[in-house]
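K.L.:
Return a 3D structure for these sequence lines:
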Amino acid sequence: MVYAFNAALEKINFGNVKLVAAETGWPIEGNTPYSSVSNTQAYNKNLLNHVMQNGPPRRPGYIMQNENLKENAVEQNFGFFFPNMLPVYPFC
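P.N.:
Next comes the predicted model:
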């Protein structure tokens, strides 16, 4: 899908526009056995290392939190924080 979107941008002479993932993460629960604290920690640690080596995201004030209003458990559990801003798991 990203390649198709890039091709469409090039076709209308906007090939220099950079695309950024708007949502990323690994759910802490809702898709056993793949969703777990250890898998989520590994994913987010690697994501943080990537961001630290390659610069901040476009909106550095954005806080990744769980979205308890989404429909299913997997979609609700991608964040670093619960909606009350308590950490989902220890970061260090």
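K.L.:
what residue is smack in the middle of the chain?
P.N.:
residue 24 (1.9 Å; Cα atoms, centre = their mean).
K.L.:
That one and residue 47 touch, don't they?
P.N.:
Yes: contact status for residue 24 versus residue 47: in contact at 6.5 Å, counting by Cβ atoms under 8 Å. Quick note: C-beta positions are derived from backbone N, CA and C, even for glycine.
K.L.:
Surely the residue nearest to the centre of the chain forms part of a helix?
P.N.:
No: read with DSSP: H, G, I helix; E, B strand; the rest coil, residue 24 is coil and lies in no helix.
K.L.:
quick check: longest helix of this structure.
P.N.:
If you go by DSSP state H, the chain has its longest helix at helix 37-54.
K.L.:
follow-up on the earlier one: and the residue nearest to the centre of the chain, what is it in contact with?
P.N.:
47, 78 (Cβ atoms under 8 Å, 6 or more residues apart in numbering).
K.L.:
residues touching the residue lying closest to residue 73 once chain neighbours are set aside, list them.
P.N.:
The shortest distance from residue 73 to any non-neighbouring residue, by Cβ to Cβ, 6 or more residues apart in numbering, is to residue 30 (2.9 Å). For residue 30, the contacting residues are 72, 73, 74, 75, 76, 77, by Cβ under 8 Å, 6+ apart.
K.L.:
between those residues, which has the most around it?
P.N.:
Most neighbours among these, by other Cβ atoms under 10 Å: residue 77, with 22 neighbours.
K.L.:
Give me the local confidence score for that one.
P.N.:
pLDDT recorded at residue 77 is 80.
K.L.:
again, but for residue 13
P.N.:
Looking at residue 13, its pLDDT stands at 93.
K.L.:
now the helices for this structure?
P.N.:
Under DSSP H, the chain gives helices at 2-11, 37-54, 73-76.
K.L.:
Present those helices as JSON lines; the columns should include distance to residue 66.
P.N.:
Shown next, in JSON lines, are these (distance: least, Cβ to Cβ, whole Å):
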{"stretch": "helix 2-11", "distance to residue 66": "26"}
{"stretch": "helix 37-54", "distance to residue 66": "11"}
{"stretch": "helix 73-76", "distance to residue 66": "6"}
